[in-house]
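S.K.: got a predicted structure plus its sequence, pasted below:
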Amino acid sequence: MAESIEIQRITDWLVETTLGSFELDEFFPDFCQRVAGLGIGVSRGHIGMKTLHPLYNSIVMTWRRDRGLLVEKIGFEADTASWERSPLQALSQTGEEFCYYDLVNSQNWENYTLLRELKEENGTGYLALLVPFGRDEVALAQRDGLVVSWATDQSGGFSNQEILILRRLTTRMALAVKMHKREQTASNVLNAYLGEDAGQRVLNGRMQRGDVDTLDAIVWYGDLRDSTRLAAELEPNEFMLLLSSYFERTGQPIRDHGGSILKFVGDAVLAIFPVNERIGIQRASREAVQAAWSAVENLKLQKVNVNGVEESLAMGIGLHYGKILFGNAGLPDRLEFTMIGATVNETCRIEGLTKTAGYPILVSEAIQSHVPIEWAFIGKEKLRGVPEPMGIYAPLGSP
């Protein structure tokens, strides 16, 4: 009776956790410790699942009673040899829900490196489980679900009753993980395609056409030079790889200096550096100029072979400060988070001047006055659509 009450308490905790918000790397070790608190001699717990993320193919977590939690994010190019030789992979091929290996009284586990290692650490039993997320045949084909294993070093391994308890609690734990994965997937996809700022706004409910916020920000507009010619002279896959490398070399400094990439427009990058109570105009200006300088320097390292001739890439960047409108526009059922306003248009005009000014970075006087470095004064330029001439400057060094 006491055991049933403790199992119910864990189940209640799982329900409460699933309905709330939690971090997986805190949730899983907590769950393992609660299971161990039942008197089941769990020495190791492990979960693994695929993720929908632009950088990672899957995530695995391994909890050990004496070592705590190890989290591994597996990239798309990672070596899969250890997985191919694991008991969990073998289980996934059978379509069975679970299997158990007696590490003391049988030898059907000796081909698995992991189980030999557990045996050397005085392991006595190993339980592997599959919990598909959805219809079994579809989930297994898409590898959508949770692979779980439990190990013990207690005498006699896991009893039949303990295996039943672990199976029951694992299924309930998997429900919490599934909900977390679905929420994390939505966040990953939105952040990847909309940018972190816009993605979080959508998740927070800013989804109606006409939803708009007015922000004070430094706007960045950067454009790759000679992209039309490069696209014509390079093989399509070569150009796409080049474009991705260009975005990485120019986009990473934006993020490193507190900016947010809003969108890629062809080969152009549109980003903002917010100005608010926490980050004033001086700091934002300095960070934006530093990011621009770093991006230009990074791009100098990018070489491309065009018809046997090695070329360096170049770009132009315009920076301007002002108010922007940031919100939803489009059809009722096909929206886009976009940024509009005079500041955006003026920034694009400033970037256009880099093609003739002889400098890769140009900024408005609204930014130049806040960054104490040496500047080249380009002149009072009359920008198309702007009533008054605007002072334009080029940085001669890094802030």
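M.R.: Cool, got the structure.
S.K.: use CA for all of it now, contacts and neighbours both
M.R.: Will do.
S.K.: okay, now the unreliable bits of the stretch 101-250 of the chain?
M.R.: 134-143, 185-212 (pLDDT under 70).
S.K.: can you tell me how far the nearest residue to Leu234 once chain neighbours are set aside is from Glu235?
M.R.: The shortest distance from Leu234 to any non-neighbouring residue, by C-alpha to C-alpha, 6 or more residues apart in numbering, is to Val306 (6.8 Å). From Val306 over to Glu235 the distance is 10 Å, taken as C-alpha to C-alpha, to the nearest Å.
S.K.: list residues touching both of the two?
M.R.: The contact sets of Val306 and Glu235 do not overlap (C-alpha atoms under 8 Å, 6 or more residues apart in numbering).
S.K.: name the residues of stretch 237-245 that are buried.
M.R.: Buried residues in stretch 237-245, defined by neighbour count with 16 or more other C-alpha atoms under 10 Å: Phe239, Leu242, Leu243.
S.K.: and which of those residues is nearest Glu16?
M.R.: Set against Glu16, the nearest of the buried residues of stretch 237-245 by C-alpha to C-alpha is Leu243 (46.0 Å).
S.K.: double-check the closest one against Asp267; I have them as touching.
M.R.: Yes: between Leu243 and Asp267 there is a contact under C-alpha atoms under 8 Å: 7.1 Å.
S.K.: take the buried residues of stretch 237-245 and lay them out in a markdown table including secondary structure.
M.R.: As requested, the buried residues of stretch 237-245 are exported to a markdown table (DSSP: H, G, I helix; E, B strand; the rest coil):
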| residue | secondary structure |
| --- | --- |
| Phe239 | helix |
| Leu242 | helix |
| Leu243 | helix |
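S.K.: could I get these as a markdown table with distance to Arg168?
M.R.: Formatted as a markdown table, the buried residues of stretch 237-245 follow (distance: C-alpha to C-alpha, whole Å):
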| residue | distance to Arg168 |
| --- | --- |
| Phe239 | 52 |
| Leu242 | 51 |
| Leu243 | 50 |
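S.K.: just the residues you listed now: which is nearest Arg9?
M.R.: For these, the nearest to Arg9 is Leu243 (53.7 Å; C-alpha to C-alpha).
S.K.: state the distance from that closest one to Gln282.
M.R.: Distance of Leu243 to Gln282, given as C-alpha to C-alpha: 32 Å.
S.K.: for the stretch 101-250 of the chain, just list every one of the helices.
M.R.: For the stretch 101-250 of the chain, helices defined by DSSP state H, counting those that start in this stretch occupy the ranges 113-120, 136-142, 160-194, 196-203, 227-233, 236-256.
S.K.: those: which one's closest to Gly385?
M.R.: Of all the helices of the stretch 101-250 of the chain, helix 227-233 sits nearest to Gly385, with 26.2 Å by C-alpha to C-alpha.
S.K.: pull the residues that contact that closest one.
M.R.: With C-alpha under 8 Å, 6+ apart as the test, helix 227-233 has contacts from Phe239, Asp267, Val306, Asn307.
S.K.: identify the farthest-apart pair in those.
M.R.: Asp267 and Asn307 (21.3 Å).
S.K.: for those two, indicate the residue with more neighbours.
M.R.: Asp267 (16 against 8; other C-alpha atoms under 10 Å).
S.K.: report pLDDT for that one.
M.R.: Among the per-residue scores, Asp267 shows a pLDDT of 84.
S.K.: same question for the one 3 residues further on.
M.R.: The confidence metric pLDDT takes the value 89 at Leu270.
S.K.: any idea which element it lies in?
M.R.: strand 268-274 (DSSP states H and E).
S.K.: same question, His46
M.R.: For His46, the element it lies in under DSSP H and E is strand 42-50.
S.K.: and that strand, which strands flank it?
M.R.: Strand 42-50 sits in its sheet next to strand 56-64 (antiparallel), strand 145-152 (antiparallel), going by DSSP bridges.
S.K.: what mean pLDDT would you report for that strand?
M.R.: Here the average pLDDT along strand 42-50 is 92.
S.K.: gap between it and the chain center?
M.R.: 22 Å (C-alpha atoms, centre = their mean, to the nearest Å).
S.K.: do stretch 21-34 as well
M.R.: Distance of stretch 21-34 from the chain centroid (C-alpha atoms, centre = their mean) equals 21 Å.
S.K.: domain assignment for the chain?
M.R.: Annotated domains of the chain cover 2-193, 209-395 [automatic domain parsing].
S.K.: follow-up on the earlier one: the strand holding His46 vs helix 113-120, what angle?
M.R.: Calculated by axes from the mean of the first three to the mean of the last three C-alpha atoms, to 10 degrees, strand 42-50 forms an angle of 170 degrees with helix 113-120.
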